[in-house]
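> how would this look folded up:
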Amino acid sequence: MKQIHKQSSANQHQIPTHSPTYPVKNAKQHSTRSSLPRSAASYLLREQRLLFVLVGAVIASSFFLLHPYYHPPTPAATLPFFRRSAVAGDSTAISTSTVIGRTNPGGGRRVPVGLRKPPKRIVVTGGAGFVGSHLVDKLIARGDSVIVIDNFFTGRKENLVHLFGNPRFELIRHDVIEPILLEVDQIYHLACPASPVHYKYNPIKTIKTNVMGTLNMLGLAKRIGARFLLTSTSEVYGDPLEHPQKETYWGHVNPIGVRSCYDEGKRTAETLTMDYHRGAEVEVRIARIFNTYGPRMCIDDGRVVSNFVAQALRRQPMTVYGDGKQTRSFQFVSDLVDGLVTLMESEHIGPFNLGNPGEFTMLELAEVVKETVDPSATIDFKPNTADDPHMRKPDITKAMEFLNWAPKISLREGLPLMVNDFRKRILDEQK
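Next up is the predicted model:
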């Protein structure tokens, strides 16, 4: 009995020695778990890993946000570009220019998606014409998809043949006085004969194109939410009483003259454009284009530059109407195209004068053509046409201030490019 009692007493004394082991083990696990985040944070701070992560994120974000969008180079089929330091326009200033050939028929090297603007789907009415075809070239070159609408009254398929087969180019034979349904982001509305020979040929058709065609294109822009650019003209100023002409000048136009189908037609088109903007909240832009020249002009369109160049190349006298003292301002077509695209992409409605402020009399222009084509060329004076403006010179202060745009190519630089194009086409006609 005494032995059993001792044994049980011994067992009772042993129990407390083993029971505390369980809570001690749990406390140790809890301590280890609670110290893990603290150890990880101290590890990151000690090794500066967190700093590296933050710096890397900032660099990546800055690269994609601040890197300028990439524009693929212009294909060789388009006009050469000139690098100049001063604004052209002085009829006596001649400076050395470097022609920069842009060669890349595929539209430029591949660029990471994050570095380029998303391509747009754009319709250009009158895109087979002189100005329209150069505009299409620029839009295709920067990666957009372009649909050209033209009825080929003055436009030519030859102006666009180099784009046939391009998957981002479409050509539709259509007259804008009839409605059309398309899904696009932007509309450049150029459709309308622009030379006196062509718009006087069928004046009713001309004013229908300006009014009904503009209505149809504005209706399309409203329906699909596209931005709309109207190419108006310096002819809205008529025979101006203000010189040079600012956008605030309302003009001096004969509403019943032989030129009014074009002059008043464009003035009405501007009215419609602004009414759709105010009444239907359509995003609109208005450009007033002054005399433009360059390759792909119609050879016999009656405009003074093309007339003089074609006549000099054919060894014919250059026709000067009136006394030859009336003035015009001439811009090269690539300058105009740059202005149109800049205006479309801007947040300004306009109207904006797009032209070269360099002013020439018709006799001065004839002398420049003689220097470029044939020094022995002669001049033939004829009576002036009705309602012919005596002065025409744009004030481009507004375009320079709000669009940061100004022409770069002077007449003496651009004219040889036009002469080369005309010479080749005239020789092909003779063959």
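
> the helices in the protein, which residues?
Secondary structure of the chain (DSSP state H): helices located at 2-18, 21-47, 49-66, 130-141, 196-201, 203-208, 214-224, 260-280, 304-313, 333-345, 362-372, 397-402, 411-430.

> can those helices go into CSV with extra columns for mean neighbour count and mean pLDDT?
For glycine as for every other residue, the C-beta is placed from the backbone atoms N, C-alpha and C. Converted to CSV, the helices of the chain look like this (neighbours: other CB atoms under 10 Å; pLDDT from 0 to 100):
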stretch, mean neighbour count, mean pLDDT
helix 2-18, 9, 46
helix 21-47, 10, 52
helix 49-66, 10, 70
helix 130-141, 24, 97
helix 196-201, 18, 87
helix 203-208, 17, 94
helix 214-224, 20, 97
helix 260-280, 19, 96
helix 304-313, 22, 93
helix 333-345, 21, 97
helix 362-372, 18, 93
helix 397-402, 16, 97
helix 411-430, 16, 91
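
> and of the ones you listed, who's closest to H174?
The closest of the helices of the chain to H174 is helix 214-224. By CB to CB, the value is 10.2 Å.

> who are the packing partners of that closest one?
strand 186-189, strand 227-233, helix 260-280 (3 or more CB pairs under 8 Å, 6 or more residues apart in numbering; DSSP states H and E).

> nearest to P357, of these?
strand 227-233 (16.7 Å).

> what angle do the closest one and helix 214-224 make?
160 degrees (axes from the mean of the first three to the mean of the last three CA atoms, to 10 degrees).

> ok so, going back, how about the helices and strands packed on helix 214-224 in TSV, adding distance to Q331?
Formatted as TSV, these follow (distance: least, CB to CB, whole Å):
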stretch	distance to Q331
strand 186-189	18
strand 227-233	13
helix 260-280	18
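
> next up, the contacts around the most centrally placed residue in the chain.
For the chain, V341 is the residue whose C-alpha lies nearest the centre (CA atoms, centre = their mean; 1.6 Å). Applying CB atoms under 8 Å, 6 or more residues apart in numbering to V341 gives the contacts L135, K138, L139.

> nearest residue to D338 other than its sequence neighbours?
Spatial nearest neighbour of D338, excluding adjacent residues (CB to CB, 6 or more residues apart in numbering): W405 at 6.8 Å.

> report the buried residues of stretch 169-187.
Neighbour counts over stretch 169-187 (16 or more other CB atoms under 10 Å) mark F169, L171, D175, V176, I177, V184, D185, Q186, I187 as buried.

> which residues sit against it?
By CB under 8 Å, 6+ apart, the residues outside stretch 169-187 that reach it are 120-123, 125, 127-128, 136, 140, 145-152, 157, 160, 163-164, 189, 191, 208-209, 212-213, 216-217, 219-221, 224, 226-229, 344.

> V320 contacts I379, doesn't it?
Yes: contact criterion CB atoms under 8 Å: V320 and I379 qualify, at 5.4 Å.
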